[in-house]
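[1] Fold the following for me, if possible:
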Amino acid sequence: MSEIKSIAVVGLNVGRNHIVEGIVPRPERWRLAAVCDLNSERLDAVAEEFGVPARTGSFDELLAREDIDVIDLGTPPATHVDLTMKALAAGKHVVCEKPLAGSIADVDQLAEAERKSGRLLMPVFQYRYGDGVQKARRIIDAGIAGKPYLGTVETHWKRTPAYYEVKWRGKWATELGGVLMTHAIHQHDMLNYLMGPVAKLFARATTRVNAIEVEDCVAASLEMESGALVALSATLGSQNEISRLRLMFENVTFESGGEVYSPGDEPWQILPANDEVAAKIEALLKDYKPVGRRYLGQLDAFHEALHGRAPNPVTVADARRSLELATAFYHSAETGRDVALPLGPDHPKYRGWRPDEKEAAE
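    Numbering: from 1, shown residues only. Coordinates of the predicted model:
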């Protein structure tokens with residue numbers, strides 16, 4: 001069986017980043033067979049830039065091609081569920097940008113579609129990939145870090161009105177949310193990845209920075225299943241941009257690196273409680289091999305999964321935890337109450353958190 005998988009990228013704004021970082025550097029793993037976009041100028045530009053043999057504005061045309069193994073979706077958020085369902089039904093593996101869906105119900109539907117298809121669906125959480133966060137994960141998994149105590153997660157970015165000139169941004173119907181869904185979702189996924197599931201959340205959300213429908217300032221207090229406490233904050237009105245996790249465990253304190261759009265990268269501060277802990281960490285990481293950053297690391301890991309050599313590196317269950325957190329955030333902000341997780345079909349926002357969905361239900 002050939003090691004090379006044929007991939008088509010759909011939606012070439014974000015999708016171009018997938019090509020540049022994750023596909024082109026690995027010709028021994030990926031063949032970029034086609035690109036697809038409704039913007040003909042962007043489509044032609046990307047196809048010419050990378051010498052792609054096929055370009056199209058028709059998604060159905062891609063699905064009809066038997067030589068394409070993987071559909072990589074970088075389209076606007078509101079399109080993800082429909083396109084993913086069609087791709088799985090056509091027998092394609094799928095890579096899908098965040099957010100995977102606009103409700104927990106939709107995520108559960110996608111999980112069932114993936115199961116029935118026999119194909120893999122991998123949501124994109126590229127911030128997990130970087131040697132800083134991966135070393136922290138290994139230390140935690142090895143039991144060296146000990147009991148989790150407290151965490152802080154800051155997503156303090158800047159977005160001006162020019163950012164919202166893209167017509168689908170800033171709207172509930174098309175972006176599905178604001179700073180929670182489009183920006184902080186990565187850091188919040190990293191929190192789950194390193195400190196485990198959330199048990200309870202109290203949140204506030206508001207719009208203060210730009211004239212948009214969705215939230216751009218949020219803050220929350222979390223209790224994790226482990227008993228650890230976490231404070232989250234996110235804004236699009238910071239004059240200096242920060243993506244920072246600081247996680248305090250019994251034996252180690254971790255603090256993420258300074259790269260705003262790749263906080264999984266080194267250097268991370270890994271501060272052991274004493275020399276004995278330091279020696280254990282040194283021994284654990286002695287033979288550590290770099291994983292590749294962002295899309296490169298995640299697509300490398302996905303390639304291994306496609307060949308049956310490793311599990312799917314990011315799963316629909318991971319996306320569900322991420323969207324469950326966002327759903328609880330919106331519900332708490334609306335009601336002024338604590339919200340307990342996990343959330344099931346009986347939760348009032350199981351089928352969606354957007355105001356238009358609430359009005360439709362009423």
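[2] Now do the strands in the stretch 201-350 of the chain.
    217-224, 229-235, 237-249, 252-255, 269-272, 339-340 (DSSP state E, counting those that start in this stretch).
[3] Would you tell me which of those gets closest to L43?
    Between L43 and the strands of the stretch 201-350 of the chain, the shortest separation by Cβ to Cβ is 30.7 Å, and it involves strand 237-249. Using the backbone N, CA and C atoms, a C-beta is placed for each residue, glycine as well.
[4] Check which residues of that closest one are buried.
    Neighbour-count burial for strand 237-249, counted by 16 or more other Cβ atoms under 10 Å, picks out 243-245, 247-249.
[5] Mind putting the strands of the stretch 201-350 of the chain into TSV with mean pLDDT and distance to A279?
    Converted to TSV, those look like this (pLDDT from 0 to 100; distance: least, Cβ to Cβ, whole Å):
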stretch	mean pLDDT	distance to A279
strand 217-224	98	28
strand 229-235	98	29
strand 237-249	97	17
strand 252-255	98	13
strand 269-272	98	9
strand 339-340	98	40
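[6] Need those strands in a markdown table (columns: distance to S58).
    Listed next are the strands of the stretch 201-350 of the chain as a markdown table, based on distance: least, Cβ to Cβ, whole Å:
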| stretch | distance to S58 |
| --- | --- |
| strand 217-224 | 38 |
| strand 229-235 | 37 |
| strand 237-249 | 37 |
| strand 252-255 | 46 |
| strand 269-272 | 49 |
| strand 339-340 | 42 |
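[7] G15 is nearest to which of these?
    strand 237-249 (22.2 Å).
[8] Show me the helices in the stretch 101-250 of the chain, by range?
    Remark: helices assigned in the stretch 101-250 of the chain by DSSP state H, counting those that start in this stretch are 104-117, 131-141, 172-175, 179-182, 185-195.
[9] among the ones you listed, which is the most enclosed?
    Highest mean neighbour count of those: helix 179-182, a mean of 24 (counted as mean count of other Cβ atoms under 10 Å).
[10] Show me what that helix is packed against.
    strand 217-224, strand 229-235, helix 316-335 (3 or more Cβ pairs under 8 Å, 6 or more residues apart in numbering; DSSP states H and E).
[11] That helix - what's its average pLDDT?
    Here helix 179-182 scores 94 as its mean pLDDT.
[12] how distant is it from the center of its chain?
    Centre-to-centre, helix 179-182 and its host chain are 10 Å apart (Cα atoms, centre = their mean, to the nearest Å).
[13] Residues contacting it, please?
    Applying Cβ atoms under 8 Å, 6 or more residues apart in numbering, the external contacts of helix 179-182 come out as 77, 98-99, 155, 157, 169, 175, 188, 205, 214-218, 234-236, 326, 329-330.
[14] at 6 Å what do you get?
    Applying Cβ atoms under 6 Å, 6 or more residues apart in numbering, the contact partners of helix 179-182 are 99, 215-216, 218, 234, 236, 326, 329.
[15] Out of the residues you listed, which is nearest to K200?
    For these, with K200 as the reference and Cβ to Cβ as the criterion, the closest is F329, at 12.0 Å.
[16] so who does that closest one touch?
    Residues in contact with F329 (Cβ under 6 Å, 6+ apart) are 180, 203.
[17] Pull up the gap between it and H18, please.
    Distance, F329 to H18, by Cβ to Cβ, to the nearest Å: 27 Å.
[18] now M85, nearest residue through space, not along the chain?
    Distances taken as Cβ to Cβ, 6 or more residues apart in numbering place A113 nearest to M85, at 5.5 Å, with adjacent residues excluded.
[19] right, and that neighbour touches L88 too?
    Yes. Judged on Cβ atoms under 6 Å, A113 makes contact with L88 at a distance of 4.9 Å.
[20] which residues are in contact with both of those two?
    What both A113 and L88 touch, as defined by Cβ under 6 Å, 6+ apart, is an empty set.
[21] Mind giving me the PyMOL command for buried ones among the contacts of helix 179-182?
    PyMOL command restricting the contacts of helix 179-182 to the buried ones, with burial defined by 16+ other Cβ under 10 Å:
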select buried, resi 99+215+216+218+234+236+326+329
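[22] before we move on, the earlier item: report pLDDT for the residue nearest to M85.
    Taking A113 on its own, its pLDDT is 98.
[23] what's the answer for the one 4 residues further on, then?
    Predicted confidence (pLDDT) at S117: the value is 98.
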